[in-house]
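**Q** structural data only, the sequence is not supplied:
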């Protein structure tokens, strides 16, 4: 009989998650599909998390946890929506990033993080458009994004250096499925 997979808990990231971000995002099986550089340090992630989590920022950064063999919570993925920039006319747009630990891929972690982010964007974040780039050979990620309503909008040739060669990416985006309207007052 197959052992039961522990449930996934989604929560906001904190500065205390810096080591987990370095571990997950630096995993040699995960890193090639991210726009990160090898050997990320805990110090780098403390600084980066400090910037993202600063008061007054509208970004959201989540982690997915599962209990390990000792019953302790272990971060197995992270995902976030970051403001597209400071331009007033693009405040309705956020960029998505996601990383799932290699040992947790294919177990619903990405789906749980995507659901939480899309719910936040649609119900609370005043986000009309979520954008991302994904390497063209990352079929698992592309399928996940499509399940959440993302569509391919373009191809970027030679977009990023990966393993010593320039790789192509797709640009994908998702529009709010039911844009909010003003309620009618009785």
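**A** Now that the structure is in, tell me what you want to look at. On a predicted model such as this, the values are computed, not experimentally measured, just so you know.
**Q** list the contacts of the nearest residue to residue 138 once chain neighbours are set aside.
**A** Among residues not flanking residue 138 along the chain, residue 33 sits closest, at 5.2 Å (C-beta to C-beta, 6 or more residues apart in numbering). For every residue, glycine as well, the C-beta is placed using N, CA and C. By C-beta atoms under 8 Å, 6 or more residues apart in numbering, the residues touching residue 33 are 134, 135, 138, 141.
**Q** biggest separation within those, which pair?
**A** Farthest-apart pair in these is 135 and 141; separation 7.9 Å (C-beta to C-beta).
**Q** not counting sequence-adjacent ones, nearest residue to residue 21?
**A** Counting by C-beta to C-beta, 6+ apart, residue 45 is the residue found nearest to residue 21 once chain neighbours are left out, at 4.2 Å.
**Q** for residue 154, that is, sorry about that
**A** Nearest non-adjacent residue to residue 154 (C-beta to C-beta, 6+ apart): residue 171, at 4.3 Å.
**Q** what of residue 131?
**A** residue 173 (4.8 Å).
**Q** before we move on, back to that, helix, strand or coil for the residue nearest to residue 154?
**A** For residue 171, the secondary structure call by DSSP: H, G, I helix; E, B strand; the rest coil comes out as strand.
**Q** can you get me a residue count around it?
**A** Residues near residue 171, counting by other C-beta atoms under 10 Å, number 16.
**Q** my guess is it contacts residue 131, does it?
**A** Yes. Counting by C-beta atoms under 8 Å, residue 171 touches residue 131, with 6.9 Å between them.
**Q** and the contacts of residue 33, which is closest to residue 74?
**A** Lowest distance from residue 74 to the contacts of residue 33 (C-beta to C-beta) belongs to residue 141, with 21.9 Å.
**Q** may I have the phi/psi pair for that closest one?
**A** phi -70, psi -40 (degrees, to the nearest 10).
**Q** is it true that it touches residue 133?
**A** No. Residue 141 lies out of contact with residue 133 (C-beta under 8 Å); the separation is 10.5 Å.
**Q** just read off the phi/psi values of the residue nearest to residue 138.
**A** Dihedral angles for residue 33 - degrees, to the nearest 10 - are phi -100, psi 10.
**Q** check what pLDDT it gets.
**A** Note on residue 33: pLDDT of 95.
**Q** next one: residue 2
**A** For residue 2, the predicted pLDDT is 59.
**Q** so who does residue 24 touch?
**A** Residue 24 sits in contact with 30, 75, 76, 77, 78, 99, 100, 101, where contact means C-beta under 8 Å, 6+ apart.
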